[in-house]
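[1] Let's see this in three dimensions:
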Amino acid sequence: MRIVVFFDLPTESLEDKRNYRHFRKLLINNGFIMMQESVYCRMVLNRGVEASVVETLKRERPPKGIVQVLTVTEKQFAEMKYLVGVAASEMVDSTERLVIL
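    Residues are numbered from 1 along each chain as shown. Predicted coordinates:
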């Protein structure tokens, strides 16, 4: 499964910028990879891990802005269509159960 996080956070004041940097670092430190600006994703093995990750995001959420979380299966994620651009090479988007890197 994949957890996809979409966020739109204000960056007007110094405090807003600090909150933005803190949330972005939280995502990176928790294994999220940037798909595009303000869209990050992470692979999880099961619903238990997904619940734990979402709980961490809830606990550390910024005070202002919008943060959305979407969980999709690997098959759904692999079927993503690119209308413009190409897939990032860092992403594993195969439906195979065993991926050798």
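[2] quick one: the helices in the chain?
    For the chain, the helices defined by DSSP state H cover 14-29, 47-59, 74-78.
[3] between the ones you listed, which one is nearest to residue 85?
    helix 74-78 (16.4 Å; Cβ to Cβ). The C-beta positions use only the backbone N, C-alpha and C, and glycine is treated the same way.
[4] Buried ones in the closest one, by neighbour count?
    74, 77 (16 or more other Cβ atoms under 10 Å).
[5] Let me know the average pLDDT across that helix.
    Computed over helix 74-78, the mean pLDDT rounds to 90.
[6] try stretch 45-57
    On average, stretch 45-57 scores 94.
[7] sorry, back to before: let me know which of the helices of the chain is the nearest to residue 39.
    Among these, helix 14-29 comes nearest to residue 39, with 10.3 Å by Cβ to Cβ.
[8] chain center to the closest one: distance?
    Helix 14-29 sits 14 Å away from the centroid of its parent chain (Cα atoms, centre = their mean, to the nearest Å).
[9] thinking again about what came up before, now render the helices of the chain as CSV, adding distance to residue 37.
    Shown next, in CSV, are the helices of the chain (distance: least, Cβ to Cβ, whole Å):
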stretch, distance to residue 37
helix 14-29, 11
helix 47-59, 18
helix 74-78, 19
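[10] which stretch among those helices comes nearest residue 36?
    Comparing these by their distance to residue 36 (Cβ to Cβ), the top pick is helix 14-29, with 13.3 Å.
[11] Next, the angle helix 47-59 makes with that closest one.
    170 degrees (axes from the mean of the first three to the mean of the last three Cα atoms, to 10 degrees).
[12] What residues of helix 14-29 count as buried?
    By neighbour count with 16+ other Cβ under 10 Å, helix 14-29 contains the buried residues 16, 19-20, 23-24, 26-27.
[13] of those, closest to residue 1?
    Distance to residue 1, by Cβ to Cβ, is smallest for residue 27 among the buried residues of helix 14-29, at 16.8 Å.
[14] what sits against the residue lying closest to that closest one once chain neighbours are set aside?
    In space, residue 27 comes closest to residue 40 once its chain neighbours are excluded; the distance is 4.8 Å by Cβ to Cβ, 6 or more residues apart in numbering. With contact taken as Cβ atoms under 8 Å, 6 or more residues apart in numbering, residue 40 is in contact with 4-5, 27-28, 32-34.
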